[in-house]
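>>> generate coordinates for the sequence data below:
(one chain, ligands or ions: 2)
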Amino acid sequence: MARWPRAGSLLRGLWDTSSATPPGAARDDAPVDPELADTDAAEARARRDALRPDPAKIGGVGDAPFAALPDAVTLFAARAERFDALAAGHPLGDYLRFLAALTRVQDSVRAALPPLPPPDEAALALRLQHAMPPLSPQDLDGDTAFAATLDALLRGIAALDAALVPDAARDAAARLAGRPAAERTALAAAVSAGATPVDHLAEAVFAAAALQVHLARRAATLDVGALHAVADGVCPACGSAPVASLVVGWTRASKARYCACPLCATQWNHVRVKCTACGATDSVLYHNVPEVSPDVAVETCGTCRSYIKHMQQHAEPRLDPVADDIASYALDLLIREDGFRRGGLNPMFV
Ligand SMILES: [Zn+2]
Ligand SMILES: [Zn+2]
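Ligands and ions are numbered 1, 2, ... in the order given. Got it, this is the predicted structure:
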């Protein structure tokens, strides 16, 4: 029987589980891993010292579209394949394989659900008119399509091979299935805001998974031309913080950079060498640790002391911002030693 990965042993103290701040969200304090401090200090220092700005990967941008909506039909199948590929020989292999299975459930749910009811066009237009993202994960009460998505996802988890699902995860799915609708939507809203209660982390993964399916399907039906910039670090479709930034290959614009939404999977253009959290441009640095990943770097901002993963998707088209963010957790360990806090959101990063 597979076991739920223990954060302390697998992620080597990346976060303090006594904190009220969820691991996937931003926080101000960078916990010091006692194991690193005691036994691996020299190695960790050497690796941290190897971090260097990467000006060679700073390039120009041509005529890049402002945003790209997700392809909800291919999104989850491709992500599941990426999780499986990353799991091979990885210290977090069991967790990555569990997420691959969960992502395949997301894809099955997506394929089996009835078409979404049409959106409330008047409410949607009003939100756009007031420079707000058209989708609102804070407002799921009474959304029968989201409720059906979460129900189907939890049924899919219950039907998974026991070897793929840790006991704690199966128990969490059962607990979530038994909660009143209002509590479920409140948990989904908390996840989307990066405020997951630490005593519901496992349940939150499933609420987030349902939210990803629901919002990606909704986002795929939006008018991309109606989207506009809301603020730095805010998805123009659903209002989430980004999970990572990508140099993409899907546009002919040279080295165009996009932020990726962890929830609705919309991507939006963001000026290079500009902090995705605060918009500062004067103290942004890039750091590579090729032995962790040749295609995933860290962008740090000396102004707000946040960081975000910066991914060369044009060089590795299979790269998935949600999956590769988790698989490159060693970068989080290193950069937090220098006092930077996570600036993005990844609800699967537990
Ligand atoms: Zn979004
Ligand atoms: Zn900043």
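
>>> can you get me a residue count around Val248?
Counted with other Cβ atoms under 10 Å, the neighbours of Val248 add up to 22. The way it works is simple: take the backbone N, C-alpha and C, and place the C-beta from them, glycine included.

>>> same question for Gln129.
Gln129: 8 neighbours (other Cβ under 10 Å).

>>> do the same with Thr185
23.

>>> go on, Asp94?
Each residue near Asp94 was counted by other Cβ under 10 Å, and the total is 17.

>>> find the helix or strand that it is a member of.
helix 93-112 (DSSP states H and E).

>>> which parts of that helix are buried?
If you call a residue buried by 16 or more other Cβ atoms under 10 Å, then helix 93-112 has these buried ones: 93-110.

>>> other SSEs contacting it?
helix 72-87, helix 144-158, helix 201-220, helix 321-327 (3 or more Cβ pairs under 8 Å, 6 or more residues apart in numbering; DSSP states H and E).

>>> is it correct that Met132 is in contact with Gly239?
Yes: using Cβ atoms under 8 Å, Met132 makes contact with Gly239 at a distance of 7.5 Å.

>>> overlap of the contact sets of these two?
Val230 (Cβ atoms under 8 Å, 6 or more residues apart in numbering).

>>> still on that earlier bit, the helices and strands packed on helix 93-112 into JSON lines, with extra columns for distance to Ala169 and mean pLDDT?
Shown next, in JSON lines, are the helices and strands packed on helix 93-112 (distance: least, Cβ to Cβ, whole Å; pLDDT from 0 to 100):
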{"stretch": "helix 72-87", "distance to Ala169": "15", "mean pLDDT": "97"}
{"stretch": "helix 144-158", "distance to Ala169": "8", "mean pLDDT": "96"}
{"stretch": "helix 201-220", "distance to Ala169": "6", "mean pLDDT": "96"}
{"stretch": "helix 321-327", "distance to Ala169": "15", "mean pLDDT": "97"}
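
>>> including mean neighbour count, could these go into CSV?
Formatted as CSV, the helices and strands packed on helix 93-112 follow (neighbours: other Cβ atoms under 10 Å):
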stretch, mean neighbour count
helix 72-87, 20
helix 144-158, 19
helix 201-220, 25
helix 321-327, 25
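
>>> quick revisit: ligand 1 next: which of the buried residues of helix 93-112 are close?
Checked against ligand 1 using Cβ under 5 Å from the ion, these give no members in range.

>>> out of everything not next to it in sequence, what's closest to Ser328?
Val296 (4.4 Å; Cβ to Cβ, 6 or more residues apart in numbering).

>>> for that neighbour, give the beta-bridge partners.
Beta bridges link Val296 to Met311 when assigned by DSSP bridges.

>>> how many other residues sit next to it?
By the criterion of other Cβ under 10 Å, Val296 has 24 neighbours.

>>> oh, and call the first residue 366 from now on, that's how I've got it
With 366 as the first residue, the last one maps to Val661.

>>> what's the per-residue pLDDT of it here?
Model confidence at Val661, given as pLDDT, is 97.

>>> next: Gly373.
Model confidence at Gly373, given as pLDDT, is 31.

>>> and what of the one 4 residues further on?
You'll see Arg377 listed with a pLDDT of 32.

>>> how about the one 4 residues further on?
The confidence metric pLDDT takes the value 27 at Asp381.

>>> contact partners for the closest residue to His565 other than its chain neighbours?
Once flanking residues are discounted, His565 sits nearest to Leu552: 6.3 Å by Cβ to Cβ, 6+ apart. Listed by Cβ under 8 Å, 6+ apart, the contact set of Leu552 reads Leu541, Arg544, Thr561, Pro562, His565, Glu568, Ala569, Ala572.

>>> residue numbers of the stretch 516-665 of the chain in contact with ligand 1?
Checking the stretch 516-665 of the chain against ligand 1 by Cβ under 5 Å from the ion, the hits are Cys600, Ala602, Cys603, Ser605, Cys626, Leu628, Cys629, Thr631.

>>> just the ones of the residues you listed in helices?
When those are checked against helices using DSSP state H, none is located there.

>>> tell me the most packed of the residues you listed, by neighbour count.
Cys626 (33 neighbours).

>>> touching, it and Leu611? I think so.
No: counting by Cβ under 8 Å, Cys626 stays clear of Leu611, with 11.3 Å between them.
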